[in-house]
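Participant: 3D, please:
(one chain, ligands or ions: 1)
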Amino acid sequence: MAATHMFYCLNLLIWFFAALLIHYFFKTFLKSGTQLNGPPSPPALPIIGHLHLIGSVLPKSLQTLARKYGPLMEIRLGAATCCIASNASVAKEIFKYQDLNFSSRPEFGSSEHFIYRGSRFVTAQYGDYWRFMKKLCMTRLLAVHQLDKFMDIRDEEKVRLVESVTRCAREGKLCDLSGEFTTLTNNTICRMAMSTRCSGTDNDAEEIKGLVKTCLDLAGKLSLGDVLGPFKIFDFSGTGKKLVGALTKYDRLVEKILKEHKEKALEVSDMKTKDLMDILLEIYDDPTAEIRLSEKDIKSFLLDLFFAGTDTSSAAMQWAMAELINKPETFQRLRDEINKVVGPNRLVKESDVPNLPYLRAVIRETLRLHPSAPLIIRECGEDCDVNGSFVKAKTRVLVNVYAIMRDPDIWNVPDEFIPDRFLESSGEKIGEHQMEYKGQNFRYLPFGSGRRGCPGASLAMMMMHPAVGALVQCFDWKFKEGEKVDLRQGPGFAAEMLHPIKCYPIKYMDPFK
Ligand code: HEM
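Facilitator: A predicted model of the protein is given here:
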């Protein structure tokens, strides 16, 4: 009996080990037969990885490395590892063929210090909350029919810009275009989002502008902390604490405006007067909504709009002016077009833009050479194959649109500012539609592409065309004698100018006489 029992146990053990061996054999066999290698990577140094290969302009350094290591490479900056995609066909694979798998963004930089962590839209993982908010953006909040209702706001802010520059011209003062454009974009978004009228003054908009700037600066510094890996939670520099302070101030201010909106909600009956906060509060109150929004979600979403929409649009307008001031012939050609279509008695306005192809080409060319978001950050959902390399789940992927939009294989004289290339008459074929900008054409991606593409692209274009057009229409611009605007790019993730542009405006046409 005991012998039979032992025989059965032995038999079971033998089968168990045999099964283990077979499993191991197949795993190893299949692995060596089908597993792809990761993307190529430059030789790395211990601890710092590839940090020593990175210069002051990150997208440019990555572009140089990609020339040697290919359109998909792996880079390690201290503790942060990511894959960099640098040509149109890899971008198409990520944004089109594998869009769903790359539809999340990783948490990065400042996320630990974000008081709205968990309800942020821009860095949300792909899922129910993000889908709900994106649909809301595309069908209501930032849809063209809604943006049309805010046309007067944009027009008034453009007039304020021209008035402010006119004052500089009258007093012979230097004009800080960076400050002027930031005021324009901040005021426009602030009024669309939460009508400063609610508090009866414009001070809230001013305070929000200051807080958004502080938060963006601090968040930028914290992004660099990613190279420290887990050590970044110690917040050695105290930047995280400062960020929490600034965010708390923003929270209190918007809380107050939210309360005022709730009180006024009953009085507001006309759809036209509703701002984005009113619409968000309607959804907050709707018991049948797919997702019940909280107040924290509303405050966080509006902050995302400020973060994503103000500096990006302002930087692009600065670059447009800088390029135009440095190229008097291009400047004159644009002014001639505006003079012909608009005439001498009024300011260029949004409804003129369809009749101003050269103005549209100037803005598109600006975004090609100087994309405000040169590195688009995504996260890979599941293990996958990209461009013949293995990319592991949770890998951060940066699509270097700066490199793609200056790729000499697909652009003629890629580093030159040549708006003509976007005109229908151009010999350079940009894509199926010459002026398409919303991510259908993978060689031209200033606003990203796919599910996660920028929902504010139409708004950005609506703000930028008339503002740049008006400054060309009304003023000549003088820089220091014999000097040109410094077109060097600043350090960091964003594509801001190294030195914000300051010039002397000289009145050419007075729209207010
Ligand atoms: C010149 C101006 C702008 C540029 C160049 C720009 C560019 C971008 C880019 C490249 C992305 C990432 C897209 C991707 O992952 O595929 C993005 C995302 C985003 N942008 Fe813009 N943007 C601009 C203006 C705006 C404006 C005016 C708003 C709204 C007020 C806005 C709101 C957003 C939001 C909310 C996201 C995140 C979308 C998501 O994660 O689903 N942007 N933008």
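
Participant: burial count for Gly343?
Facilitator: Neighbour count of Gly343, defined by other C-beta atoms under 10 Å: 9. C-beta: built from backbone N, CA, C; applies to glycine.

Participant: equivalent analysis for the one 5 residues further on, please.
Facilitator: With neighbours defined by other C-beta under 10 Å, the count for Val348 comes to 27.

Participant: surely it touches Leu356?
Facilitator: Yes - Val348 lies in contact with Leu356 (C-beta atoms under 8 Å); the separation is 7.4 Å.

Participant: overlap of the contact sets of these two?
Facilitator: Residues touching both Val348 and Leu356 (C-beta atoms under 8 Å, 6 or more residues apart in numbering): Ile338, Gly469.

Participant: now the phi/psi pair for Lys296, please.
Facilitator: The phi/psi pair for Lys296 (degrees, to the nearest 10) reads phi -60, psi -40.

Participant: with adjacent residues omitted, what lies nearest to it?
Facilitator: Ser119 (5.3 Å; C-beta to C-beta, 6 or more residues apart in numbering).

Participant: who's in contact with that neighbour?
Facilitator: Applying C-beta under 8 Å, 6+ apart, the residues contacting Ser119 are Tyr129, Ser294, Lys296, Asp297, Ser300, Phe301.

Participant: mind checking the SS state of the residue sitting nearest the centre point of the chain?
Facilitator: Closest to where the C-alpha atoms of the chain average out (C-alpha atoms, centre = their mean) is Ala373, at 4.5 Å. Here Ala373 is coil, with the state taken from DSSP: H, G, I helix; E, B strand; the rest coil.

Participant: quick one: Leu184 from Asp204, how far?
Facilitator: 17 Å (C-beta to C-beta, to the nearest Å).

Participant: same check on Asp486?
Facilitator: 35 Å.

Participant: and if you look at Gly210?
Facilitator: In this view, Gly210 and Asp204 are 11 Å apart by C-beta to C-beta.

Participant: quick one, which of Asp486 and Asp204 is more surrounded?
Facilitator: Between Asp486 and Asp204, counted using other C-beta under 10 Å, the more crowded position is Asp204 (21 against 13).

Participant: wait, is the more buried one part of a helix?
Facilitator: Yes - Asp204: assigned to a helix according to three-state DSSP.

Participant: residues near the closest residue to the ligand within the stretch 251-400 of the chain, how many?
Facilitator: Closest residue of the stretch 251-400 of the chain to the ligand, C-beta to the nearest ligand atom: Gly309 (2.8 Å). When neighbours are counted by other C-beta under 10 Å, Gly309 registers 24.

Participant: what sits against it?
Facilitator: Counted by C-beta under 8 Å, 6+ apart, Gly309 has contacts Thr185, Ile189, Gly456, Leu459, Ala460.

Participant: ok, those vs the ligand, which is closest?
Facilitator: For the contacts of Gly309, the nearest to the ligand is Gly456 (2.0 Å; C-beta to the nearest ligand atom).

Participant: that closest one touches Leu305, doesn't it?
Facilitator: Yes - judged on C-beta under 8 Å, Gly456 makes contact with Leu305 at a distance of 7.2 Å.

Participant: which elements pack onto whichever strand or helix holds Leu281?
Facilitator: In the assignment (DSSP states H and E), Leu281 maps to helix 276-285. Helices and strands touching helix 276-285, by 3 or more C-beta pairs under 8 Å, 6 or more residues apart in numbering; DSSP states H and E, are helix 177-194, helix 239-264, helix 295-326.

Participant: can you add mean pLDDT and distance to Pro287 and give those helices back as JSON lines?
Facilitator: Formatted as JSON lines, these follow (pLDDT from 0 to 100; distance: least, C-beta to C-beta, whole Å):
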{"stretch": "helix 177-194", "mean pLDDT": "94", "distance to Pro287": "24"}
{"stretch": "helix 239-264", "mean pLDDT": "90", "distance to Pro287": "16"}
{"stretch": "helix 295-326", "mean pLDDT": "96", "distance to Pro287": "16"}
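
Participant: mind putting the ones you listed into a markdown table with distance to Leu141?
Facilitator: Putting the helices and strands packed on helix 276-285 into a markdown table (distance: least, C-beta to C-beta, whole Å) gives the following:
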| stretch | distance to Leu141 |
| --- | --- |
| helix 177-194 | 9 |
| helix 239-264 | 15 |
| helix 295-326 | 9 |
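
Participant: His145: which of these is closest?
Facilitator: helix 177-194 (13.7 Å; C-beta to C-beta).

Participant: can you tell me if that closest one touches the ligand.
Facilitator: Yes - Helix 177-194 lies within reach of the ligand by C-beta under 6 Å from any ligand atom, at Ile189.

Participant: now that helix: buried residues?
Facilitator: Residues 177-178, 180-194 are the ones in helix 177-194 that count as buried (16 or more other C-beta atoms under 10 Å).

Participant: before we move on, what about stretch 433-441?
Facilitator: By neighbour count on 16+ other C-beta under 10 Å, the buried set for stretch 433-441 is Gln434, Tyr437, Lys438, Gly439, Asn441.

Participant: can you list the residues that contact that stretch?
Facilitator: Residues contacting stretch 433-441 (C-beta under 8 Å, 6+ apart): 95, 360-361, 364, 367, 422-424, 426, 430-432, 444-450, 453, 457, 461.

Participant: kindly report the same for stretch 312-323.
Facilitator: By C-beta under 8 Å, 6+ apart, stretch 312-323 touches 177-178, 181-182, 184-185, 330, 362-363, 365-367, 369-370, 372-373, 417, 460, 463-464, 467-468, 471, 477, 485, 487, 494-497, 500-501, 503.

Participant: which of those residues fall within helices?
Facilitator: Those of those mapping onto helices are 177-178, 181-182, 184-185, 330, 362-363, 365-367, 369, 460, 463-464, 467-468, 471, per DSSP state H.

Participant: so how far is Leu445 from the closest residue to the ligand within the stretch 1-150 of the chain?
Facilitator: Residue nearest to the ligand within the stretch 1-150 of the chain: Val122 (4.3 Å; C-beta to the nearest ligand atom). Noted for Val122: a distance of 17 Å to Leu445, by C-beta to C-beta.

Participant: check Ala91 too.
Facilitator: Distance of Ala91 to Leu445, given as C-beta to C-beta: 6 Å.

Participant: picking that back up, number of residues surrounding the residue of the stretch 1-150 of the chain closest to the ligand?
Facilitator: With other C-beta under 10 Å as criterion, Val122 counts 16.

Participant: please apply the same query to Glu481.
Facilitator: 5.

Participant: quick one: it is in a helix?
Facilitator: No - assigned with three-state DSSP, Glu481 falls outside any helix and is coil.

Participant: tell me the backbone dihedrals of it, please.
Facilitator: Main-chain torsions, Glu481, degrees, to the nearest 10: phi -40, psi 130.

Participant: hmm, back to that, do I have it right that the residue of the stretch 1-150 of the chain closest to the ligand meets Phe306?
Facilitator: No - look at Val122 against Phe306 with C-beta under 8 Å: they stay out of range, at 10.9 Å.

Participant: measure Leu347 to Val472 for me?
Facilitator: 11 Å.

Participant: more neighbours, those two?
Facilitator: Neighbours of Leu347 and Val472, each counted by other C-beta under 10 Å, are more numerous for Val472; the result is 25 against 19.
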